[in-house]
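**Q** I would like the atomic coordinates for the input below:
(one chain, ligands or ions: 1)
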Amino acid sequence: MIGQKTLGGRRVLLIIGGGIAAFKAPELIRLLRARGAGVTPVLTSAGSQFVTPLTLASLAGEAVHQDLFDLTSETEIGHIQLSRSADLVVVVAATADLMAKMAAGLANDLASTLLLATDKRVLIAPAMNVRMWDHPATQRNIRQLKQDGILFAGPTSGDMACGEFGEGRMIEPSEILAAIEGTLATGPLAGRHVLVTSGPTHEPIDPVRYIANRSSGAQGTAIAAALRDLGAEVSFITGPALIPPPEGVRVIKVETAREMAQAVEAALPADVAIFAAAVADWRVANATGQKIKKDATGALPHLEFTENPDILATVSQDRARRPKLVIGFAAETEKVIEHATAKRARKGCDWIVANDVSPETGIMGGAENAVIVISDAGAQSWPRMGKEAVAKRLADKIAVALA
Ligand code: CTP
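**A** Modelled structure (predicted):
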């Protein structure tokens, strides 16, 4: 995965068991947070002998859950809800005892109850003395847990805190992090590179003035996040948008159409390219390097325009580097299907997502969108819905097309 925020927007429920290796949990939390993940710590009573709730809470930036019958937690967030609140449940210092409870399906404290109640994948990093690891009871439990679909990160062989040497040593936090990243990147678009353009462009008139449009970047941002959630590696090339870019994607900020064209060129190759940006069709040909001053005679400035490169058309028609699937947007104010169909043919993209941006629709800069997706299969009208819902549906459609 590229970039640092490889786990942006993802949540991990981190159960810390009672082994000496629990001292590595704070480092794992720090690494997860640095990758953009949210971490909810759950500390067993044995775990609290090795690491304090205050350390965990400070690093996670969240309360630590410890007690199954904590009335505050139960009213605010019940254990069932807690067990399902994350994308992945991770157990560090998965002790022989905790693994035995899991294999037997026991639920006699908060950690084991969450592990039994969760509907999410569970990844464990075992940590125990070599004789405990080799014991037939533990080996039986390992087989059972693997059969139940529990994912294992380690253990490894090495020197142990107890002075012995052998298998059962917990792997390092950086290795557990890699296992978590690998596990969470298993959506239908895992291993696919997707390029998304978004937002408006600013075309300078002089150093302090520019020409822009009303695009907020909301639809492109939502699309990038939805693709990331399906496991794609996303390059997000954005003009100066109102809303912040999503976490967990590679963000390339640009100002002008020409900068956007260069950034797209540099980000290729890609499996899919989605051009959601509202690129200025023209730029000011006689833009000045100095601020234009009012003329003493009262003469008005005269702006001359020249056409910007059409990024969508260029990429669609690039025989060598064309992504498998190229998707354009069409912002129209009349004859939406007719104009968008002609635009699809003219530019040479696979799909066009058309929308009516007449001011009375409130779509441009608003929270909702009503789109018509035009492809070889014809025009498909989607009902008006939130831009995030449009993004999710489009991401699902892309995953199906690439399958
Ligand atoms: N687009 C682009 N580069 C440009 C202009 C547009 O990549 N210089 C892309 C947009 O991101 C969008 C699609 O082309 O995906 C359609 O843009 P739109 O502005 O609606 O169409 P135009 O080509 O400008 O056609 P018209 O002005 O006739 O509506």
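**Q** Run through the stretch 201-350 of the chain and note the low-pLDDT ranges.
**A** 247-248 (pLDDT under 70).
**Q** Please enumerate the strands of it.
**A** Listed in chain order, the strands of the stretch 201-350 of the chain (DSSP state E, counting those that start in this stretch) span residues 203-206, 209-211, 233-238, 250-253, 272-275, 282-284, 305-307, 325-332.
**Q** now these as TSV including distance to residue 219 and mean neighbour count?
**A** In short, each C-beta sits where N, CA and C put it, glycine included. Compiled in TSV, the strands of the stretch 201-350 of the chain are given as follows (distance: least, C-beta to C-beta, whole Å; neighbours: other C-beta atoms under 10 Å):
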stretch	distance to residue 219	mean neighbour count
strand 203-206	21	18
strand 209-211	21	17
strand 233-238	12	27
strand 250-253	16	18
strand 272-275	10	28
strand 282-284	23	18
strand 305-307	24	11
strand 325-332	8	23
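**Q** how about CSV for those, with distance to residue 265 added?
**A** Below are the strands of the stretch 201-350 of the chain laid out as CSV (distance: least, C-beta to C-beta, whole Å):
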stretch, distance to residue 265
strand 203-206, 19
strand 209-211, 23
strand 233-238, 10
strand 250-253, 11
strand 272-275, 11
strand 282-284, 17
strand 305-307, 18
strand 325-332, 14
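**Q** Reformat the ones you listed as TSV; add distance to the ligand.
**A** Listed next are those as TSV, based on distance: least, C-beta to the nearest ligand atom, whole Å:
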stretch	distance to the ligand
strand 203-206	11
strand 209-211	13
strand 233-238	10
strand 250-253	15
strand 272-275	4
strand 282-284	9
strand 305-307	8
strand 325-332	4
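**Q** Just the helices from the stretch 151-300 of the chain, written as ranges.
**A** Ranges of helices in the stretch 151-300 of the chain, per DSSP state H, counting those that start in this stretch, are 173-184, 218-229, 257-267.
**Q** In CSV, list these along with distance to residue 92.
**A** Output for those, formatted as CSV (distance: least, C-beta to C-beta, whole Å):
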stretch, distance to residue 92
helix 173-184, 7
helix 218-229, 25
helix 257-267, 36
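**Q** Tell me which of the ones you listed sits nearest to the ligand.
**A** The closest of the helices of the stretch 151-300 of the chain to the ligand is helix 257-267. By C-beta to the nearest ligand atom, the value is 5.2 Å.
**Q** Give me the buried stretch members for that closest one, please.
**A** Buried residues in helix 257-267, counted by 16 or more other C-beta atoms under 10 Å: 257, 258, 259, 260, 261, 262, 263, 264, 267.
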